[in-house]
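any chance you could fold what I've pasted below:
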Amino acid sequence: MNAVSAIEAAVFSEDARTAFAAAYPDRATKLGHGLAGHALLTLEALAGLAERMPADCVEYNLGKLPLGVRPEDTPSNGLTLGETIRTIETNGSWAVLKNVERDADYGALLDRALAELAPIVERETGPMLHREAFIFLSSPGSVTPFHMDPEHNILLQIRGEKTMTVFPAGDEELVPAVQSEAFHAGGHRNLGWRDAFRDRGMAVTLLPGDAIHVPVKAPHFVENGPAVSVSLSVTWRSDRSVAEGELHSLNGLLRRRRLPVGRIGARPEAQGMRRIAYRIMRKLGV
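Numbering: from 1, shown residues only. Sure thing, here's the model as predicted:
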């Protein structure tokens, strides 16, 4: 299949869109997709893409990590990014290519995928904002530590096998409020891990053609199978996710001043007065 015909093919079947509609925006759920074997997602195509991307759009390191690891303790693999991708079957590494939608071909692929979901998303959380795509490459046995992300996300498995364990968003034992506040102030995505957490997650094994919807800030970790894994993540923000971030940021400002913080409701986009207060405080540099 050539790149043009793959881009024109449906990414999500009717069954996948139905499952997504039943889960979005608050529940993780397994889906199917039609991009396995896509010409733009081979290792050689991705190595070429990586080599022409800006340095701030790539991240890579050794892949066999504990579930909980501090960002400053993440070890380098000693290779260039191109070498990392071309030899990923044997080098024990993990890599992510960020904002690949800036490349025209990959941008078209993102647009195609999200256009199929846009009517569902707009009905629940409004227009898709800040649409982005990320590509993850993992050596056999690699681990992506326990972390959270600020976007609505669907991860599509392209090659290999991995198991993603997803936890409920909004559980303050997993992610204390102060950590959410620090995250929205620019803190790292990695989270503290305790073995007692494991049974609270939903483990989903992904094979080529499988996908998973991950809600905003739902904590998760990923364990790669016995072969090289390639995954495509298509993401977007919404007024709801932006509002949630603003309200946590407001609470962070208030907490640092030892003032009472506010409750963040199930529909943070409706908490207009608090959002305006945050924007005024940010503009004033308070």
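
go through the strand or helix carrying residue 49 and flag the buried ones.
Per DSSP states H and E: residue 49 is located in helix 43-51. Neighbour-count burial for helix 43-51 flags 43, 45-47, 49-50 (criterion: 16 or more other Cβ atoms under 10 Å). Bear in mind the C-beta positions are built from the backbone N, C-alpha and C, glycine included.

quick one: which of those residues is nearest to residue 9?
Of all the buried residues of helix 43-51, residue 45 has the smallest distance to residue 9: 17.2 Å, by Cβ to Cβ.

hang on, that closest one packs against residue 37?
No: counting by Cβ atoms under 8 Å, residue 45 does not reach residue 37; the two are 11.9 Å apart.

output the contacting helices and strands for the helix holding residue 49.
helix 81-86, strand 93-97, strand 129-138 (3 or more Cβ pairs under 8 Å, 6 or more residues apart in numbering; DSSP states H and E).

now do it against strand 129-138, angle only.
For helix 43-51 against strand 129-138, the angle by axes from the mean of the first three to the mean of the last three Cα atoms, to 10 degrees is 120 degrees.

identify the residues contacting helix 43-51?
The contact list for helix 43-51 (Cβ atoms under 8 Å, 6 or more residues apart in numbering) reads 39, 58, 81-82, 85-86, 88, 95, 97, 100, 103, 106, 135, 137, 228, 230.

kindly recompute the last result at 7 Å.
Outside helix 43-51, the residues that touch it by Cβ atoms under 7 Å, 6 or more residues apart in numbering are 39, 58, 81-82, 85-86, 88, 97, 100, 103, 135, 137.

residue 172 should be in a strand, yeah?
No: assessed by DSSP: H, G, I helix; E, B strand; the rest coil, residue 172 does not belong to a strand; its assignment is coil.

which one is residue 178 nearest to, not counting chain neighbours?
Excluding its sequence neighbours, the residue lying closest to residue 178 (Cβ to Cβ, 6 or more residues apart in numbering) is residue 255, at 7.0 Å.

on that earlier part again, could I get the helices and strands packed on helix 43-51 as TSV with mean pLDDT?
Shown next, in TSV, are the helices and strands packed on helix 43-51 (pLDDT from 0 to 100):
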stretch	mean pLDDT
helix 81-86	76
strand 93-97	84
strand 129-138	94
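
CSV for these, including mean neighbour count and distance to residue 163?
Formatted as CSV, the helices and strands packed on helix 43-51 follow (neighbours: other Cβ atoms under 10 Å; distance: least, Cβ to Cβ, whole Å):
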stretch, mean neighbour count, distance to residue 163
helix 81-86, 19, 22
strand 93-97, 23, 15
strand 129-138, 21, 12
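
same list (the ones you listed) but as TSV, adding distance to residue 204.
Shown next, in TSV, are the helices and strands packed on helix 43-51 (distance: least, Cβ to Cβ, whole Å):
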stretch	distance to residue 204
helix 81-86	25
strand 93-97	19
strand 129-138	15
